[in-house]
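> Let me see the structure of the following:
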Amino acid sequence: MIAAKVQDAFSFRVSHIDRSSRFGLVFWALLLILLAAAPFWGDRQTMRLLGEIYSYIALASLWNLLAGYAGLVSIGQQVFVGLGGYVLYVGALAGGLPPLLCVPLGGLLCGVLAVPVVLVLFRLRGAYFTIGTWVLAEVFVQVFQQVKAVGGGSGISLPAVVVKSIAQSRDGREFLIYWLFLALVVAVIGLIVTILRTRYGLALTAIRDNEMAAKSNGIDVNRTRLIVFVAAAFANGMAGALIFLQKLSITPFSAFSINDWTMNVIFITVIGGIGRVEGPILGAVIFFVLREFLADYGSAYLIVLGVIAIVVMLKARRGLWGYVADRYGWQLFPLARRLERTRIVPDAAAAAATIEAH
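Numbering: from 1, shown residues only. From the prediction side, this is the model:
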């Protein structure tokens, strides 16, 4: 009697999903449902605070995409935040457009303007690129201070008739703006995760790790960075329009504030974890908790923020989430690629043929 055995066969595939990312997907889905219902369980102050948190998570995630993945360390992204805000005010006041229509319009204008700007800035490298973005932002501050049509240094405000065109009731306006902030941050994070799961995400990672090696492997570095920079400018413009739609007034110093829209954003990204999608989310939560508890202490608040940033950079150079992820292998978004082995069960005919052959 001849003993026969059907050998197991295996195939391999690349998977983005593991146990922690499965938990993460459930966690984000439940959290999104809870936050979407905030107008029904939170008061007006809570919704405004959450909206501000969403705006900073969106801005920090976009800066993280630039610096943490594309290697573009910019300290001038406040340009697009301010321009998005001014487009909304000019479009609503001078153009008579609905304010909500001006939100994507602000993003579109920022995206178009980013193309010639970045082509000039790409001629600079390293620290010169970083300084060039800051100089560009300062130029816009000086220009808008001289433009009387937008109020000059005093700025402009949205009149009541324009505000009421958003929604007749105050609660209706608050609810709508809150949901727009939530939709913005979900769209930004969703877009970043989608990009990083594609071959463009691998290209960005390769550029960040070693630009010369990326070029030698056929990656068009400038083209990839151009796409990322323009996409970030578009989203920053929309975020700026929403921010100043909620504030109801705008000035050159508030619109192009390097402290509000860049320094705080960098702090959030660095302590949360640069080069990690989860980093800006964790960093924003920490930043706002510190602000709520330490804001009454004046300059001591800024000193504490500085000390925390220094300690994190010394002890966890990839941020708090980077430290956790490196140590425990956690990922709350399905990004890390793993090679999985799956068993192929032969069908009955193939098994019989194999047995007969033996």
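> Surely Gly71 forms part of a helix?
No. When classified by DSSP: H, G, I helix; E, B strand; the rest coil, Gly71 is found to be coil rather than part of a helix.
> does it really touch Thr205, like I thought?
No. The pair Gly71 / Thr205 is not scored as a contact, 10.1 Å apart, by Cβ atoms under 8 Å. From N, CA and C alone the C-beta is placed, and that goes for glycine too.
> more neighbours, these two?
Set Gly71 next to Thr205 and count neighbours by other Cβ atoms under 10 Å: Gly71 wins out with 19 against 16.
> Enumerate every residue touching the more buried one.
Applying Cβ atoms under 8 Å, 6 or more residues apart in numbering, one finds that Gly71 lies in contact with Ile207, Arg208, Glu211, Arg225.
> and the residue nearest to Ala255 when sequence neighbours are not counted, what does it touch?
Nearest non-adjacent residue to Ala255, counting by Cβ to Cβ, 6 or more residues apart in numbering: Gly82, 3.2 Å away. Counting by Cβ under 8 Å, 6+ apart, Gly82 touches Phe140, Phe144, Gly240, Pro252, Ala255, Phe256, Trp261.
> What pLDDT is listed against the closest residue to the third one other than its chain neighbours?
If the residues on either side of it in the chain are set aside, Gly240 comes closest to Gly84, at 3.1 Å by Cβ to Cβ, 6+ apart. The per-residue pLDDT reported for Gly84 equals 96.
> So Gly84 sits against Ala235, correct?
No. With contact defined as Cβ under 8 Å, Gly84 does not reach Ala235; the gap is 9.4 Å.
> that older thread, would the residue nearest to Ala255 count as being in a helix?
Yes. Assignment of Gly82 by three-state DSSP places it within a helix.
> Against Val143, how distant is it?
In this view, Gly82 and Val143 are 11 Å apart by Cβ to Cβ, to the nearest Å.
> got it, and Leu49?
33 Å.
> neighbour count winner among these two?
Using other Cβ under 10 Å as the criterion, Leu49 and Val143 rank with Leu49 on top: 14 against 11.
> List the contacts of that one.
Phe288.
> what mean pLDDT does the helix or strand it falls within have?
Element membership of Leu49 [criterion: DSSP states H and E] is helix 44-64. Averaged over helix 44-64, pLDDT sits at 95.
> swap in stretch 315-335?
Rounded mean pLDDT across stretch 315-335 is 85.
> mind checking the end-to-end distance for it?
25 Å (Cα to Cα, to the nearest Å).
> In that stretch, which residues are buried?
By neighbour count, with 16 or more other Cβ atoms under 10 Å as the criterion, the buried positions of stretch 315-335 are 316, 318-322, 324-325, 330-335.
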